[in-house]
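Novice: Provided below are the primary sequence and the corresponding predicted coordinates.
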Amino acid sequence: MQHDDTAPIVTALMLAGAVPDDPWTVEVRPRRRRIGLSVKRDSTLVIAVPPTADPRRVAAFVAARRDWILRARREMARTAETGPVRKRLVNAENFPLFGRPHRLRLVNTGPEIRTVRTVHGTTELHLHTDHAHDARTIIDWYCRAGLDWLQDRVRQDHHRKAGVADLRFTVREVRRSGSATLRRWGFYTPRQHEVTLAWPLFQLDEDLVEYVLLHELAHAARPGGKPHGHQWQQLMRSYMPNWKTVQETLKRHEPRVWLGDLDSVTS
Ligand SMILES: [Zn+2]
């Protein structure tokens, strides 16, 4: 059911036949200044409007984006169908780190896990067969690599560090057990003054990881205002002028990131 103040907009959308298909919903957002469209996982189109939006303008806006809506719904349906990314612990399976391929190789000697540069210049991830029955060792490897990178990155970055002294960092699992999706890439906990990043993030290109780090650093700097409000955005712009583009790229990558799910190997 629609809230009262959306009724004129809903009517205008229906009269104009602006939305290609069900389901859809209109939400009035007090802080919004422009009309925004997004498609949820269940393919519901969310039409977010500012409180003062003119119903006919909203209808025209939505009608003009028919192709975008259809495409976004198709994409969402496809990811919902394929489910989470699954990997197998077999030779040559790829476990990328910062976007660079790391081909798995099961070995019987050496430590439980390590990276090895081959003579051809590629990198192998050597996993001891004793640890090849679950993903835990590989996930721990991502956590350690992520934490190393974070500490290095923050040490180098003097001017940003100045604003967020004594910050603590953790890299770990952040999805609920059994959940098929990642809840978030990272978050900042004010009480512990701590930034937590999700380990699957470190599979992605460095600029995407960098964006998530800066996003949380901007929270840690406590700029005042709303969590993603004007002041926070101003900080983000100073950290990473193209952060909005990078954020969009990150969203597109999300369905393709491995969250630790394994396919059992049968022969
Ligand atoms: Zn945030």
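Specialist: Now that the structure is in, tell me what you want to look at. Numbering: from 1, shown residues only.
Novice: what are the boundaries of the strands in the stretch 51-200 of the chain?
Specialist: Along the stretch 51-200 of the chain, the segments classed as strands by DSSP state E, counting those that start in this stretch run 85-87, 102-107, 113-117, 123-128, 168-172, 186-189, 194-198.
Novice: which of those strands is buried the deepest?
Specialist: strand 194-198 (a mean of 21; mean count of other Cβ atoms under 10 Å). From N, CA and C alone the C-beta is placed, and that goes for glycine too.
Novice: and it, which strands flank it?
Specialist: Strand pairing for strand 194-198, using DSSP bridges, gives strand 168-172 (parallel), strand 186-189 (antiparallel).
Novice: distance from the longest one to the middle of the chain?
Specialist: Using Cα atoms, centre = their mean, to the nearest Å, the distance from the centre of strand 168-172 to the centre of the chain it belongs to is 17 Å.
Novice: and for the shortest one?
Specialist: On the basis of Cα atoms, centre = their mean, strand 186-189 sits 13 Å off its chain's mean C-alpha point.
Novice: likewise stretch 57-64?
Specialist: On Cα atoms, centre = their mean, the centre of stretch 57-64 falls 29 Å from that of its chain.
Novice: got the strands of the stretch 51-200 of the chain as CSV, with distance to Arg32 and mean pLDDT columns?
Specialist: Formatted as CSV, these follow (distance: least, Cβ to Cβ, whole Å; pLDDT from 0 to 100):
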stretch, distance to Arg32, mean pLDDT
strand 85-87, 33, 91
strand 102-107, 42, 97
strand 113-117, 46, 96
strand 123-128, 45, 97
strand 168-172, 33, 93
strand 186-189, 24, 93
strand 194-198, 28, 94
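Novice: adding distance to Val212, write those strands out as TSV.
Specialist: Output for those, formatted as TSV (distance: least, Cβ to Cβ, whole Å):
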stretch	distance to Val212
strand 85-87	19
strand 102-107	20
strand 113-117	23
strand 123-128	23
strand 168-172	11
strand 186-189	5
strand 194-198	6
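Novice: so which of those strands is nearest Val46?
Specialist: Ranking the strands of the stretch 51-200 of the chain by distance to Val46, with Cβ to Cβ as the measure, places strand 186-189 first at 22.9 Å.
Novice: ok, and what's touching the closest one?
Specialist: 174, 194-198, 201, 212-213, 215-216, 219-220 (Cβ atoms under 8 Å, 6 or more residues apart in numbering).
Novice: could you dump that strand to PDB, C-alpha only?
Specialist: Output in PDB follows, covering the C-alpha atoms of strand 186-189 (Å, rounded to 0.1, in the frame of the first residue of the first chain):
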ATOM      1  CA  GLY A 186      33.000  -2.500   5.400                       C
ATOM      2  CA  PHE A 187      31.900  -0.500   8.400                       C
ATOM      3  CA  TYR A 188      33.300   1.800  11.100                       C
ATOM      4  CA  THR A 189      32.600   1.200  14.800                       C
END
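Novice: quick one on the thing from earlier: select, out of the strands of the stretch 51-200 of the chain, the one closest to Tyr142.
Specialist: strand 168-172 (7.5 Å).
Novice: ok, residues contacting that closest one?
Specialist: Residues lying outside strand 168-172 but in contact with it, judged by Cβ under 8 Å, 6+ apart, are 142-144, 146-147, 150-151, 154, 192-199, 202.
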